[in-house]
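Student: My questions are about this predicted structure, shown below with the sequence.
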Amino acid sequence: MIRIAIVEDEPDFQQQLQNYLIRYGTEKKCRFRISTFCDAASFLANYRRDYDLVFMDIKMPGIHGMEAARQLRRMDEHVILIFITTMLQYAIEGYEVGALYYLLKPLDYHEFALKLTSALKRISRTDIILIRSGQKVHRVDPSQIRYLESDGHNILYHIGNQVLARRCSLRHAGSELDNCFIRCSSSFIVNLAHVRSHQGDTVDVDGIALHISRPQRPLFTQAYEKYREDLYV
């Protein structure tokens, strides 16, 4: 999960950024944890070094966005910083605090998506898992896994149109993944980010119908509803 902070005093732009992130996450099958701040002072006072990306308005009441960026860099040298502004005259100064990009108001979704894609590529990944399949070891981004399937002897990782077979138990394979992966039966663990819908005893994972067993149905439904709620946090 990518952790993002939005520091923006104008409610309309703050909401627009959240909407853009939700749209992007839906389109690209990635998940964001979004925190919002109406001023730089509250952001800095509550700052934790677990954000991956910060969107920072420059012109804000109280602590100016550029000064906030300087204070941020004293606490965290690595977090990706993207400024939101109407004032490009701060561009040179922005490079001094390691700003990656500027987003100009009014915000355009396609420009936003291009810059966000580039920013996400720079975020160091610590959740990559290694899967030995046959004679090869594959580095796999868990967000790309649609579901895991047990065929009795192997665990099949369904990744896009590729399937990797690994000798292990479904329990062990699931223990390597985060809580976005939920068991729906004794044979399947699904990535909630790839679930289109579920109804009754069936879940649609990118157009593939998988069975939800009766014992797993309450826990699966609860986990899926929480996942959907977290998208809007």
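Tutor: Thanks, I have the structure now.

Student: And the longest helix that the chain contains, what does it pack against?
Tutor: When the chain is parsed with DSSP state H, its longest helix is helix 11-28. Here helix 11-28 touches strand 2-7, strand 32-37, helix 109-122, going by 3 or more Cβ pairs under 8 Å, 6 or more residues apart in numbering; DSSP states H and E. For glycine as for every other residue, the C-beta is placed from the backbone atoms N, C-alpha and C.

Student: just these: most buried one?
Tutor: Among these, strand 2-7 has the highest mean neighbour count (mean count of other Cβ atoms under 10 Å), at a mean of 22.

Student: tell me which strands and helices it is in contact with?
Tutor: helix 11-28, strand 32-37, helix 40-45, strand 53-57.

Student: and the angle for the longest one with strand 32-37?
Tutor: Relative orientation of helix 11-28 with respect to strand 32-37: 170 degrees, computed using axes from the mean of the first three to the mean of the last three Cα atoms, to 10 degrees.

Student: which other residues reach helix 11-28?
Tutor: For helix 11-28, contacts defined as Cβ atoms under 8 Å, 6 or more residues apart in numbering pick out 4, 6, 8, 30-32, 34, 36, 38, 55, 57, 84, 105, 107, 109, 112-113, 116-117, 231-232.

Student: Can you say which of the helices and strands packed on strand 2-7 is packed in most?
Tutor: A comparison of the helices and strands packed on strand 2-7 by mean neighbour count, using mean count of other Cβ under 10 Å, puts strand 53-57 on top with a mean of 25.

Student: Next SSE downstream of that strand?
Tutor: helix 65-75 (DSSP states H and E).

Student: quick one: average confidence on the helix or strand following that following helix?
Tutor: Using DSSP H and E, the helix or strand that follows helix 65-75 in sequence is strand 80-85. Mean pLDDT, computed over strand 80-85, is 91.

Student: swap in stretch 154-171?
Tutor: On average, stretch 154-171 scores 93.

Student: okay, how far is it across it, tip to tip?
Tutor: The straight-line separation of the ends of stretch 154-171 (Cα to Cα, to the nearest Å) is 12 Å.

Student: Show me the contact partners of it.
Tutor: Contact with stretch 154-171 is made by 131-134, 138, 140, 144-150, 153, 173, 183, 186-187, 189, as judged by Cβ under 8 Å, 6+ apart.

Student: circling back to that earlier point, chain center to the longest helix of the chain, what's the gap?
Tutor: 12 Å (Cα atoms, centre = their mean, to the nearest Å).

Student: With stretch 147-164 instead?
Tutor: Centroid displacement of stretch 147-164 relative to its chain, using Cα atoms, centre = their mean, is 23 Å.

Student: contacting residues around the residue lying closest to residue 73 once chain neighbours are set aside?
Tutor: Once flanking residues are discounted, residue 73 sits nearest to residue 97: 5.3 Å by Cβ to Cβ, 6 or more residues apart in numbering. Contact analysis of residue 97 by Cβ under 8 Å, 6+ apart lists 66, 69, 70, 72, 73, 81.

Student: Of those residues, grab the buried ones for ChimeraX.
Tutor: Selecting the buried subset of these in ChimeraX, with 16 or more other Cβ atoms under 10 Å as the burial test, is done by:
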select :66,69,72,73,81
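
Student: out of the contacts of residue 97, which one sits closest to residue 220?
Tutor: Residue 220 lies nearest to residue 81 out of those, by Cβ to Cβ, at 38.1 Å.

Student: State whether the closest one and residue 103 are indeed in contact, as I suppose.
Tutor: No: look at residue 81 against residue 103 with Cβ atoms under 8 Å: they stay out of range, at 11.5 Å.

Student: So which of the contacts of stretch 154-171 are in strands?
Tutor: Counted as lying in strands by DSSP state E, out of those, are 131-133, 138, 140, 145-150, 183, 189.
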